[in-house]
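1. Here is a sequence with its predicted model. Questions after.
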Amino acid sequence: MKTVLQVQNMEKYYGNKGNVTKAVDGISFDVEKGEYIGIMGASGSGKTTLLNCISTIDRVTSGHIFIDGMDVTKLKGKHLSKFRREQLGFIFQDFNLLDTLTAYENIALALTIMKTPAKEIDERVKSIAEKLMITKELSKYPYQLSGGQKQRVASARAMVTDPSLILADEPTGALDSKSARMLLDSMETMNAELHATILMVTHDAFTASYCKRILFIKDGKIFNELVRGRDSRKEFFDRIIEVVTLLGGDSTNVF
């Protein structure tokens, strides 16, 4: 199996010599192609900092992050921008769709920037829209879409370039329960049928139960790891809650 992501002894500090906060403290882990990984942890545990460094939005203090064999901690300027555009897909809590573009145009934008031929753009946008069940929404503008539809458009935008890694930051955080379930079903389809490699930060045990493996972060370090294996989603959810309890609370107020 191909290793898509390697995090090697990553550390991230904030502050100065007199007041240093170690947000991420020597974390190492690998993600194989086609894995669906969740990252959970209390507020301030370092999970968002970890995601920001992997996504190249923030820079590490020390250690290395390899994505598809490329050490992204060494990339700068236009090389970093090109890598981020071509190799990473992003799904944000607040959608980040452009209001002046239709759903179709939002999804196609990255391919347009990459100078993909128009016929190929059309084929790829329509193909991913069909898989995520948003074909009827392609001509609509964001203000005409529900929260769940917006997030599936955002998911299609993340997938359409066929990135090495999709990074999702609290993707269900702004959705009602029905829309959240539809999005999670769509992400499960992306993972199972399109072999998308997904790394998702979430505070919610139900959302995390869709993952195949979960890393729990505490005080900047990996506290525990769960692998779903042959468990049903309900069985995996129950195991997640057990770890949440070990961390000192429940899924609604710890994560």
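-> All right, it came through fine. Numbers count the residues shown, from 1 in each chain.

2. mind listing the strands in the stretch 51-200 of the chain by residue range?
-> Assigned by DSSP state E, counting those that start in this stretch, the strands in the stretch 51-200 of the chain fall at 62-67, 70-71, 88-91, 165-169, 198-201.

3. Rebuild these as a markdown table, extending it with mean neighbour count and mean pLDDT.
-> All C-beta atoms are positioned from the backbone trio N, CA, C, and that covers glycine. What follows is the strands of the stretch 51-200 of the chain, written out as a markdown table (neighbours: other C-beta atoms under 10 Å; pLDDT from 0 to 100):
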| stretch | mean neighbour count | mean pLDDT |
| --- | --- | --- |
| strand 62-67 | 18 | 96 |
| strand 70-71 | 13 | 95 |
| strand 88-91 | 22 | 92 |
| strand 165-169 | 23 | 94 |
| strand 198-201 | 25 | 96 |
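
4. who touches the nearest residue to Thr207 once chain neighbours are set aside in this structure?
-> Spatial nearest neighbour of Thr207, chain neighbours left out: Thr172 (5.0 Å); criterion: C-beta to C-beta, 6 or more residues apart in numbering. Contact partners of Thr172, counting by C-beta atoms under 8 Å, 6 or more residues apart in numbering, are Gln151, Ser179, Ala180, Leu183, Leu184, Thr202, Asp204, Thr207.

5. Tell me, what's the model's pLDDT at Thr172?
-> Reading off the confidence values, Thr172 has pLDDT 90.

6. can you check Phe255 too?
-> 36.

7. same deal with Gly249?
-> 50.

8. so which of the strands of the stretch 51-200 of the chain comes closest to Phe236?
-> The closest of those to Phe236 is strand 198-201. By C-beta to C-beta, the value is 14.3 Å.

9. What's the first helix or strand after the closest one?
-> helix 205-208 (DSSP states H and E).

10. Given the next helix or strand after that next one, what are its sheet partners and their directions?
-> Per DSSP H and E, the first helix or strand lying C-terminal to helix 205-208 is strand 213-218. Applying DSSP bridges, strand 213-218 is found paired with strand 36-41 (parallel), strand 221-227 (antiparallel).

11. Figure out how far strand 213-218 is from the centre of its chain.
-> 14 Å (C-alpha atoms, centre = their mean, to the nearest Å).

12. avg pLDDT for it?
-> The model assigns strand 213-218 a mean pLDDT of 95.

13. which residue sits closest to Thr100 in space, ignoring its chain neighbours?
-> The nearest residue in space to Thr100 (C-beta to C-beta, 6+ apart) is Tyr141, at 7.8 Å.

14. Thanks a lot, see you next time.
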